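K.L.:
Could you look at this predicted model? Sequence included:
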Amino acid sequence: MSLFCGTAFRRKSFWCSRLLSTYVTKTRYLFELKEDDDACKKAQQTGAFYLFHSLAPLLRKSEHQYLAPQHSLLDLKRLLGKLGQDMQRIEDSVLIGCSEQQEAWFALDLGLNSSSSINASLQKSEMEKELKGSFIELRKALFQLNAKDASLLSTAQALLHWHAAHQFCSRSGQPTEKNMAGSKRVCPSNKIIYYPQMAPVVITLVSDGTRCLLARQSSFPKGMYSALAGFCDIGESVEEAVRREVAEEVGLEVERLQYTASQHWPFPNSSLMIACHATVKPGQTEIQVNLRELEAAAWFSHDDVATALRRNNPYTQQQSGAFPFWLPPKLAIANQLIKEWVEKPTCSTLPA
Ligand SMILES: NC(=O)C1=CN([C@@H]2O[C@H](COP(=O)(O)OP(=O)(O)OC[C@H]3O[C@@H](n4cnc5c(N)ncnc54)[C@H](OP(=O)(O)O)[C@@H]3O)[C@@H](O)[C@H]2O)C=CC1
Ligand SMILES: [Mg+2]
């Protein structure tokens, strides 16, 4: 039996005879918009747009957090008209999701392809004034967004970034064309299809049973330590990547590992973070830091880690001039790994 009930698949009212859940209906609606340019263009009429400028999302400050405003197609046309810009730019939008009521959500970067940087920054401040918000780098704002906006804007930024970087076919050198939803690009001369990609990254919290191992790179904010992370090499399994990264970065051999969760991470390019807990062989806990990769790595006690998890204001410098030891904030998967370990320090059970 066909997974999508044959020809009825393209027509919402003809799905299957049984009642589909809201989630399934939503998923199939998004699939249809990716496959059918006309349906996607139609969805823009009633859809909502998240705006970006040079990959920075438009945000509004509300007390201690940022909110991501939505704009209708009409708002967008009004703005472009006011700034004397071509309506054709709307075609650069990418589909990033939809509501349970099937209102499609799009992202559009108003700052890419600007003719000159002076022109671009002038237009940027004009747009900010019109839109009553500011374009703020996602890296700076991510942890002050609610979980829904953080995930949506991360997807949007990653997709817009991918399109900006894949304008040409690597075989023919010809410009590629995006489909309406932005789920792929095609080279018109040889029909090669390019799909957005994520690089798999393993992130591992190593424990010796009583302590956990945390490390920092010199590029991290002062005082922050995290779990060990690294890009998977081509041909590697997740298990092999974890073993290699831990050996490479701190000179230890992983004995057991357990997968726990995954997360899309948009910085610096799209990664799929695959989070695992791991243990090392008893008595083999002496760290040898690879200083080409890390600035420092150390074992931390359960009490120290639990206290750091509760710390609110990590950036406050102490009187001694030092920065307190702190951990990645809640939205980062590293935080989840560390929290899990604090709640259940012996959760590593599977052989590596
Ligand atoms: N969400 C979270 O909680 C966390 C996310 N992360 C993310 O994990 C990612 C990986 O961690 P990191 O320790 O830096 O990784 P690695 O330990 O693999 O070291 C990074 C280096 O690997 C090289 N490299 C190999 N493949 C790639 C690739 N596909 N893309 C980019 N660089 C590659 C680069 O070297 P060269 O430049 O010399 O070519 C790069 O500087 C980072 O992007 C980081 O943002 C990290 C910790 C927490
Ligand atoms: Mg690393």
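P.N.:
All right, it came through fine. Ligands and ions are numbered 1, 2, ... in the order given.

K.L.:
What are the boundaries of the strands in the stretch 51-200 of the chain?
P.N.:
For the stretch 51-200 of the chain, the strands defined by DSSP state E, counting those that start in this stretch occupy 56-62, 65-67, 94-98, 104-109, 134-135, 177-178, 185-186, 193-194, 199-207.

K.L.:
Determine which stretch of the ones you listed is the most buried.
P.N.:
Of all the strands of the stretch 51-200 of the chain, strand 104-109 has the most neighbours on average by mean count of other C-beta atoms under 10 Å, namely a mean of 24. Bear in mind the C-beta positions are built from the backbone N, C-alpha and C, glycine included.

K.L.:
neighbouring strands for it, and are they parallel or not?
P.N.:
strand 48-53 (parallel), strand 94-98 (antiparallel) (DSSP bridges).

K.L.:
Ligand 1 versus Glu239, what's the distance?
P.N.:
Separation of Glu239 from ligand 1 (C-beta to the nearest ligand atom, to the nearest Å): 16 Å.

K.L.:
which SSE is that residue in?
P.N.:
Counting by DSSP states H and E, the element that carries Glu239 is helix 238-250.

K.L.:
Give me the buried stretch members for that helix, please.
P.N.:
238-239, 241-246, 249-250 (16 or more other C-beta atoms under 10 Å).

K.L.:
Could you list the alpha-carbon positions for that helix in PDB?
P.N.:
Extracted as PDB, the C-alpha positions of helix 238-250 are listed here (Å, rounded to 0.1, in the frame of the first residue of the first chain):
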ATOM      1  CA  VAL A 238      28.600   7.800  15.600                       C
ATOM      2  CA  GLU A 239      30.300   5.300  17.900                       C
ATOM      3  CA  GLU A 240      33.600   5.600  16.000                       C
ATOM      4  CA  ALA A 241      33.400   9.400  15.900                       C
ATOM      5  CA  VAL A 242      32.800   9.500  19.700                       C
ATOM      6  CA  ARG A 243      35.800   7.200  20.400                       C
ATOM      7  CA  ARG A 244      38.100   9.100  18.000                       C
ATOM      8  CA  GLU A 245      37.100  12.600  19.200                       C
ATOM      9  CA  VAL A 246      37.600  11.700  22.900                       C
ATOM     10  CA  ALA A 247      40.900  10.100  22.100                       C
ATOM     11  CA  GLU A 248      42.000  13.000  19.900                       C
ATOM     12  CA  GLU A 249      41.000  15.800  22.300                       C
ATOM     13  CA  VAL A 250      41.800  14.400  25.800                       C
END
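
K.L.:
what helices or strands is that helix leaning on?
P.N.:
strand 199-207, strand 211-216, strand 228-231, strand 254-265, strand 271-280 (3 or more C-beta pairs under 8 Å, 6 or more residues apart in numbering; DSSP states H and E).

K.L.:
and the direction of it versus that of strand 271-280, what angle?
P.N.:
On the basis of axes from the mean of the first three to the mean of the last three C-alpha atoms, to 10 degrees, helix 238-250 is oriented at 70 degrees to strand 271-280.

K.L.:
Can you name the residues in contact with helix 238-250?
P.N.:
Contacts to helix 238-250, defined as C-beta atoms under 8 Å, 6 or more residues apart in numbering, come from residues 200, 202, 204, 206, 213, 215, 228-230, 232-233, 236, 252-254, 257, 259, 274, 276, 278, 280, 287-290, 293-294, 297, 352.

K.L.:
follow-up on the earlier one: possible to save the strands of the stretch 51-200 of the chain as CSV with distance to Pro221?
P.N.:
Below are these laid out as CSV (distance: least, C-beta to C-beta, whole Å):
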stretch, distance to Pro221
strand 56-62, 20
strand 65-67, 19
strand 94-98, 28
strand 104-109, 27
strand 134-135, 22
strand 177-178, 36
strand 185-186, 36
strand 193-194, 35
strand 199-207, 17
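
K.L.:
okay if I get these as TSV plus mean pLDDT and distance to Glu340?
P.N.:
Shown next, in TSV, are the strands of the stretch 51-200 of the chain (pLDDT from 0 to 100; distance: least, C-beta to C-beta, whole Å):
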stretch	mean pLDDT	distance to Glu340
strand 56-62	96	30
strand 65-67	96	25
strand 94-98	98	28
strand 104-109	97	31
strand 134-135	97	35
strand 177-178	97	39
strand 185-186	98	39
strand 193-194	98	37
strand 199-207	98	8
